[in-house]
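return atomic coordinates for the entry below.
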Amino acid sequence: MAQEQSTLPLFQFQNLRLSEIHHVVTKRGGGVSKGNYESLNLGDHVDDNPDAVKENRRRLTQQFLGHQICFPNQTHSTNVQVVVDGSHQMPIEDCDALITNIPNLPIGILTADCVPILLFDPEKRVVGAVHAGWRGTVGKILSKTVLEMKNTFGVSPKTIMAGIGPSISPEVYEVGEEVVEQVVQTLGEGLIRSEGERHYFNLWEANRRQLNDLGVRNDNIEIAEICTYQRYKEFFSARRLGLKSGRFASVIMLNS
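I've put the predicted structure just below:
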């Protein structure tokens with residue numbers, strides 16, 4: 001990923017630095033929140049000061065020319081919502097992935113260890129934002145999002161560009177036996193690394209495979225390979241800081 005010039009410390013995927021879209025992945029700095037939420041907490045559901053979150057979101061909105069960002073009310077579901085116009089009720093309830101073909105309508109998701117994934121199809125001009133924790137990954141929310149892009153807008157997976165963002169890495173993402181069983185049953189072998197009684201889940205590879213299985217080309221997929229747990233001073237990490245800590249955003253918008 002390459003750092004973007006901004007008043008906020010933002011990052012962008014190299015493969016999504018295209019004139020047709022604008023996207024950002026926020027870091028922790030540049031906001032007004034305090035304590036465990038320091039400083040650019042964008043989550044309004046984690047008991048931070050509401051006024052601080054409002055100001056932080058205003059600063060992020062400036063990156064999208066003042067256009068209101070559409071966020072879902074994430075529930076670790078596999079529900080995908082097509083956003084059809086800018087007057088859509090926000091936040092969108094019980095949903096963990098958004099797609100749209102509306103220009104100047106930024107869509108985004110919030111994370112703090114789970115995997116944020118941004119999608120863009122340059123042929124049909126459709127964008128997507130996906131939140132994939134272990135439940136979403138096992139439930140194949142990314143596959144469902146790509147299929148929704150295909151079914152609703154006629155997108156060919158072969159032309160989709162994808163960015164798999166900062167999230168907890170396979171080196172440190174320890175999971176229990178019940179998760180291991182679901183991963184193997186649903187996603188197959190090779191995604192769990194075991195050291196004695198400890199098991200580690202590779203969320204990055206699991207989501208890359210889902211894209212590949214549907215025909216998304218490997219050279220169209222960029223994995224940030226940034227571990228939020230290890231780099232918690234730059235990106236929020238719920239495992240490192242606790243559930244009552246900040247969330248960072250991954251946002252994408254079609255330019256008009």
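
find the nearest non-adjacent residue to N202, please.
Once flanking residues are discounted, N202 sits nearest to P170: 3.7 Å by CB to CB, 6 or more residues apart in numbering. Where C-beta positions appear, they are placed from N, C-alpha and C, glycine not excepted.

got the contact list for that neighbour?
R193, Y200, F201, N202, L203, W204, E205 (CB atoms under 8 Å, 6 or more residues apart in numbering).

ends of stretch 41-51, how far apart?
11 Å (CA to CA, to the nearest Å).

contact partners of it?
26, 31, 33-34, 37, 52-53, 56-57, 60, 73, 110, 112, 236, 243-249.

can you check stretch 235-250 too?
23-28, 33, 36-38, 40-43, 46-48, 60, 69, 71, 108-113, 116-118, 129, 165-166, 168, 226, 228-229, 232.

buried residues in that stretch?
Buried residues in stretch 235-250, defined by neighbour count with 16 or more other CB atoms under 10 Å: 235-241, 245-250.

pLDDT-wise, which helix or strand of the protein ranks last?
strand 2-4 (a mean of 40; mean pLDDT, DSSP states H and E).

for whichever helix or strand comes after it, the distance to its chain's centre please.
As assigned by DSSP states H and E, the chain's next helix or strand after strand 2-4 is strand 10-12. Centroid separation for strand 10-12 versus its chain: 13 Å, with CA atoms, centre = their mean, to the nearest Å.

sheet partners, orientation included, of strand 10-12?
strand 2-4 (antiparallel), strand 21-26 (antiparallel) (DSSP bridges).

which residue is nearest the centroid of this protein?
P116 (1.8 Å; CA atoms, centre = their mean).

out of the contacts of stretch 235-250, which are inside helices?
L60 (DSSP state H).

coming back round to it: assign a three-state SS to the residue nearest to N202, would you?
Of the three states, P170 takes coil according to DSSP: H, G, I helix; E, B strand; the rest coil.

distance of it relative to G35?
P170 is 30 Å from G35, where distance means CB to CB, to the nearest Å.

one more: L119?
34 Å.

which one's more surrounded, those two?
L119 (26 against 13; other CB atoms under 10 Å).

quick check: bridge partners of the residue nearest to that one when sequence neighbours are not counted?
Using CB to CB, 6+ apart and skipping residues adjacent in sequence, the residue nearest L119 is G128, 3.6 Å away. In this entry, G128 is beta-bridged to I99, L119, by DSSP bridges.

residues contacting G128?
97-100, 107, 117-120, 145-146, 149, 252.
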